[in-house]
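Colleague: with the input below, show me the fold.
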Amino acid sequence: MNDVDQADPREIQTLQMYLNEYGQQIEILTQQLGMIEQQRLEAAAATETLRAIPESKDGIVLLPVGGGALLRVKVLDAGHVLVNIGADVSVERATADAVEYLEDRMTELEALGKKVAGSVEQLQGQATEISRRLEAAYRGTRQAQAGQGGS
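Modeller: Numbering: from 1, shown residues only. So this is what the prediction gives:
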């Protein structure tokens, strides 16, 4: 039997540790990607709604209040909107400015989503490479054990 044929158990353990860490990182980034997409969809819906309000003849819109419940409400001032700009701070903006702000935010979120997706893809490639190395190490160990048993 040749010692080169048998994989070092420490190497196998290290590879498994790396593979687990990559899996956890991929899971976290995938969750972040979902949250980014949710924020982008919400901004798109808000933009669409803000554009549709002036077209409403009676000024009545549906307002989601949570849990799938909606209220019919009359918009008193369609020319101004309160926009959350972060850290629980909201500012009043003209509707057109609010739409522009939300569109810019959607562009930022799309760019961030692409960056996170690229990171996920890169991690998946690294995890695949580690899986190949791990499988080769296991294969070497099995062959070495089979060689010992057959001698």
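
Colleague: so who does the spatially most central residue of the chain touch?
Modeller: The centre of the chain sits closest to residue 33, judged by Cα atoms, centre = their mean, with a distance of 0.9 Å. Counting by Cβ atoms under 8 Å, 6 or more residues apart in numbering, residue 33 touches 113, 116-117, 120. Every C-beta, even on glycine, is put in place using the N, C-alpha and C of the backbone.

Colleague: closest one of the residues you listed to residue 101?
Modeller: Of all these, residue 113 has the smallest distance to residue 101: 18.5 Å, by Cβ to Cβ.

Colleague: helix or strand for residue 71, which one?
Modeller: Under DSSP states H and E, the secondary-structure element containing residue 71 is strand 69-74.

Colleague: which outside residues touch whatever helix or strand comes next after that strand?
Modeller: Under the assignment DSSP H and E, the closest C-terminal helix or strand after strand 69-74 is strand 80-86. Residues from elsewhere that reach strand 80-86 (Cβ under 8 Å, 6+ apart): 50, 90-95, 98, 101-102.

Colleague: restricting to C-alpha, output strand 80-86 in PDB.
Modeller: What follows is strand 80-86, C-alpha atoms only, in PDB (Å, rounded to 0.1, in the frame of the first residue of the first chain):
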ATOM      1  CA  HIS A  80     -47.600  64.700  -2.000                       C
ATOM      2  CA  VAL A  81     -46.300  61.400  -0.600                       C
ATOM      3  CA  LEU A  82     -44.500  60.400   2.600                       C
ATOM      4  CA  VAL A  83     -41.400  58.300   1.600                       C
ATOM      5  CA  ASN A  84     -39.300  56.300   4.000                       C
ATOM      6  CA  ILE A  85     -35.700  57.200   3.300                       C
ATOM      7  CA  GLY A  86     -34.200  54.800   5.800                       C
END
